[in-house]
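> A predicted structure for the sequence below; I have some questions about it.
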Amino acid sequence: MVSEPAHNSWSRLHFNHREDLLPIHSNNVLAQGRSSYAEDRAAIEDLQARYLFALDFHDPDLYVSTFTEDGVLDYGSGEVKGRQAIKEIIARMPNPKPVAGKRAGAARHNISNIVIKVEGNRATGRSYWFHYSNDNPERRGVFDGFGHYEDELVKVNGSWLFTKRKIYNEGRDEWAYKDSKNPAW
Amino acid sequence: MVSEPAHNSWSRLHFNHREDLLPIHSNNVLAQGRSSYAEDRAAIEDLQARYLFALDFHDPDLYVSTFTEDGVLDYGSGEVKGRQAIKEIIARMPNPKPVAGKRAGAARHNISNIVIKVEGNRATGRSYWFHYSNDNPERRGVFDGFGHYEDELVKVNGSWLFTKRKIYNEGRDEWAYKDSKNPAW
Amino acid sequence: MVSEPAHNSWSRLHFNHREDLLPIHSNNVLAQGRSSYAEDRAAIEDLQARYLFALDFHDPDLYVSTFTEDGVLDYGSGEVKGRQAIKEIIARMPNPKPVAGKRAGAARHNISNIVIKVEGNRATGRSYWFHYSNDNPERRGVFDGFGHYEDELVKVNGSWLFTKRKIYNEGRDEWAYKDSKNPAW
């Protein structure tokens, strides 16, 4: 059982004065004194899933809480840096409304094929995402897009957070992955 | 390493005399004396996946074994309570048959974006589901529906089981999620 | 905490003289002295995801490194045995190219509903796969196929590898699952 120091030099440098901004989880592995690949991966998978619920159910505060305060989101049009800037982007995303007596349509992002490498309090992730929605008159579910994520994460006070999420989207030329190299390992 | 008592007062109250009904797993974390977020999450993910194999491959006995004896399934038309009642519902679900020399079509439910919170022997889950099938003359795979799960689970004798699975289905007005709130956290 | 011998008799028999062929992972659970259902499942999930990145991003060397040296791949047309033979199959798979000034299309395999049973250094897996692509003039994402995996795995020097992956594909008569039995448990 490897025990993690509560504050390593990196986290002390970057986070010491803003612990009140960090989300509190019941699954804080640090508090339980545990760290292992399975524990780190489990916490990161949960983070990745909570991120998507927050995105699809229009919860920008929770969405940005999955990033560090100075975290970076890049969905293809350059880096958006910091929780406040990210929140403004997410809060402006269209939120389907009921139309002509019809219930609002739903649109959902999904993650799969999660690859995670952990090195101490740092982790690197690669995974696929895909999207479906039912924004049509029949509210029929339709698959409509996909891409992949390239993530960098840090464990702060026992909770994993994104320091950077880079999103590739195969639906648009300018957002598609152009490299011929396997982004994972 | 937190050790779990073999029988806490809750499980003694509800399960003591029906241990023969509980599924036996080689991955019984209690028997191994282990409990942690990763161990609980791994066991719950396995349960959620076995549930879907049982559903899609028409195995109602295995399907109901993922619930506690008095577990509740609610797929949108009210609560179905107890293994026997749930089994009757599941056993009546249509099972594609070969037609005119053509092999039977296949229909599959998938889970993704799994969020799990564990509190002792209780857990709460949120996740997405989506569905595809090939019930058309060409046996062409077609995406055709989605929704999300809201789960309550309990660990009984070291095995996680559903006490309640509430299913939201965005394909029908009466089964769709109507709240504007993020169902996860 | 169960400690695993560095070389059990099985791995000594089969792998002793080819350790240089085995992939090195930072998440080597053996080196960390850990083994549990969650640790094994986490490592296997990572393997399954890395396999798919290697497949879709045309990385045949990495792809075959997810199998043991004498591992077996069966995608429906009989067993392909050994890394070299598997690599030749995978390397011949079509790799979309840019056409008429249009970027190359993308095609992606995904895994879901992962069921894993671990028995010592052996594991058995069942899971779903599905596929989507955008190989159409508009580069529109389209769901186009599905099936399931039946896996056998072994832990060698702390790293899980496929000894056999059998792929069922519901898109073709000869590759579809014909049994009426639930392939999981």
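Now that the structure is in, tell me what you want to look at. Numbers count the residues shown, from 1 in each chain, chains lettered A, B, ... in the order given.

> look up phi and psi at the nearest residue to A:Ala184 once chain neighbours are set aside.
Excluding the flanking residues, the one nearest A:Ala184 by CB to CB, 6 or more residues apart in numbering or on different chains is C:Phe53, at 3.7 Å. C-beta: built from backbone N, CA, C; applies to glycine. Torsion angles at C:Phe53 (phi, psi; degrees, to the nearest 10) stand at phi -60, psi -40.

> contacting residues for C:Phe53?
C:Phe53 is in contact with A:Asn113, A:Val115, A:Arg126, A:Asn182, A:Pro183, A:Ala184, C:Asp59, C:Leu62, counting by CB atoms under 8 Å, 6 or more residues apart in numbering or on different chains.

> can you list the domains in chain A?
Here the domain parsing of chain A from automatic domain parsing is A:1-33, A:35-175.

> show the average pLDDT along the first one.
In this case it means domain A:1-33. Across domain A:1-33, pLDDT averages out at 38.

> ok, stretch A:174-182 next?
95.

> quick check: pLDDT value at A:Val99.
81.

> burial count for it?
11 (other CB atoms under 10 Å in any protein chain shown).

> go on, A:Glu174?
A:Glu174: 8 neighbours (other CB under 10 Å).

> does the closest residue to it other than its chain neighbours sit in a helix, a strand or a coil?
Nearest non-adjacent residue to A:Glu174, counting by CB to CB, 6+ apart: A:Gly76, 6.3 Å away. At A:Gly76 the chain is in coil, as set by DSSP: H, G, I helix; E, B strand; the rest coil.

> give me the below-cutoff pLDDT ranges for chain A.
Within chain A, the segments meeting pLDDT under 70 span A:1-34.

> near chain B, which residues of chain A are found?
Proximity of chain A to chain B is confined to A:1, A:26-27, A:29, A:32, A:34, A:36, A:38-39, A:41-43, A:45-46, A:48-50, A:52-54, A:57-59, A:62, A:103, A:106, A:108, A:110-112, A:132, A:134, A:139-143 under the rule CB under 8 Å from any CB of the partner chain.

> give me the buried subset of the residues you listed.
Buried by 16 or more other CB atoms under 10 Å in any protein chain shown: A:27, A:29, A:34, A:36, A:38-39, A:41-43, A:45-46, A:48-50, A:52-54, A:57-59, A:62, A:103, A:106, A:108, A:110-112, A:132, A:134, A:139, A:141-143, out of the residues of chain A next to chain B.

> between the helix or strand hosting A:Arg41 and helix C:37-56, how many degrees?
A:Arg41 is part of helix A:37-56, with elements assigned from DSSP states H and E. Orientation check (axes from the mean of the first three to the mean of the last three CA atoms, to 10 degrees): helix A:37-56 against helix C:37-56 gives 60 degrees.

> can you give me how far helix A:37-56 is from the chain middle?
Computed by CA atoms, centre = their mean, to the nearest Å, the chain-centroid distance of helix A:37-56 equals 7 Å.

> with just CA atoms, put it into CSV.
The C-alpha atoms that make up helix A:37-56 are tabulated as CSV, following Å, rounded to 0.1, in the frame of the first residue of the first chain:
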residue,chain,number,x,y,z
TYR,A,37,-3.7,1.8,-10.4
ALA,A,38,-7.2,0.5,-9.8
GLU,A,39,-8.0,3.2,-7.3
ASP,A,40,-6.7,6.0,-9.5
ARG,A,41,-8.4,4.6,-12.6
ALA,A,42,-11.7,4.1,-10.8
ALA,A,43,-11.6,7.8,-9.6
ILE,A,44,-10.7,9.0,-13.0
GLU,A,45,-13.4,7.0,-14.7
ASP,A,46,-15.9,8.5,-12.3
LEU,A,47,-14.6,12.0,-13.0
GLN,A,48,-14.9,11.4,-16.8
ALA,A,49,-18.5,10.2,-16.4
ARG,A,50,-19.5,13.0,-14.1
TYR,A,51,-18.1,15.5,-16.6
LEU,A,52,-20.4,14.1,-19.3
PHE,A,53,-23.5,14.2,-17.1
ALA,A,54,-22.6,17.8,-16.3
LEU,A,55,-22.2,18.7,-20.0
ASP,A,56,-25.3,17.0,-21.3
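
> which other helices and strands contact the helix or strand just after it?
Counting by DSSP H and E, the next helix or strand C-terminal to helix A:37-56 is helix A:60-64. The helices and strands touching helix A:60-64, judged by 3 or more CB pairs under 8 Å, 6 or more residues apart in numbering or on different chains; DSSP states H and E, are helix A:37-56, helix A:83-91.

> quick one: contacts for A:Lys81?
A:Asp70, A:Gly71, A:Val72 are the contacts of A:Lys81 under CB under 8 Å, 6+ apart.

> save the contacts of C:Phe53 as JSON lines, and put in distance to A:Tyr149 too.
Output for the contacts of C:Phe53, formatted as JSON lines (distance: CB to CB, whole Å):
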{"residue": "A:Asn113", "distance to A:Tyr149": "10"}
{"residue": "A:Val115", "distance to A:Tyr149": "10"}
{"residue": "A:Arg126", "distance to A:Tyr149": "7"}
{"residue": "A:Asn182", "distance to A:Tyr149": "14"}
{"residue": "A:Pro183", "distance to A:Tyr149": "9"}
{"residue": "A:Ala184", "distance to A:Tyr149": "11"}
{"residue": "C:Asp59", "distance to A:Tyr149": "18"}
{"residue": "C:Leu62", "distance to A:Tyr149": "19"}
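
> which residues sit in contact with A:Ala107?
A:Ala107 touches A:Asp56, A:Pro96, A:His131, A:Tyr132, A:Ser133, A:Asn134, A:Asp135, counting by CB under 8 Å, 6+ apart.

> let's go with 10 Å and repeat that
A:55-56, A:93-96, A:131-135, A:144-145, B:146, B:170 (CB atoms under 10 Å, 6 or more residues apart in numbering or on different chains).

> from these, which is closest to chain C?
A:Gly145 (4.4 Å; CB to the nearest CB).

> hmm, back to that, do you know how far the residue nearest to A:Ala184 is from A:Trp129?
Distance, C:Phe53 to A:Trp129, by CB to CB, to the nearest Å: 13 Å.
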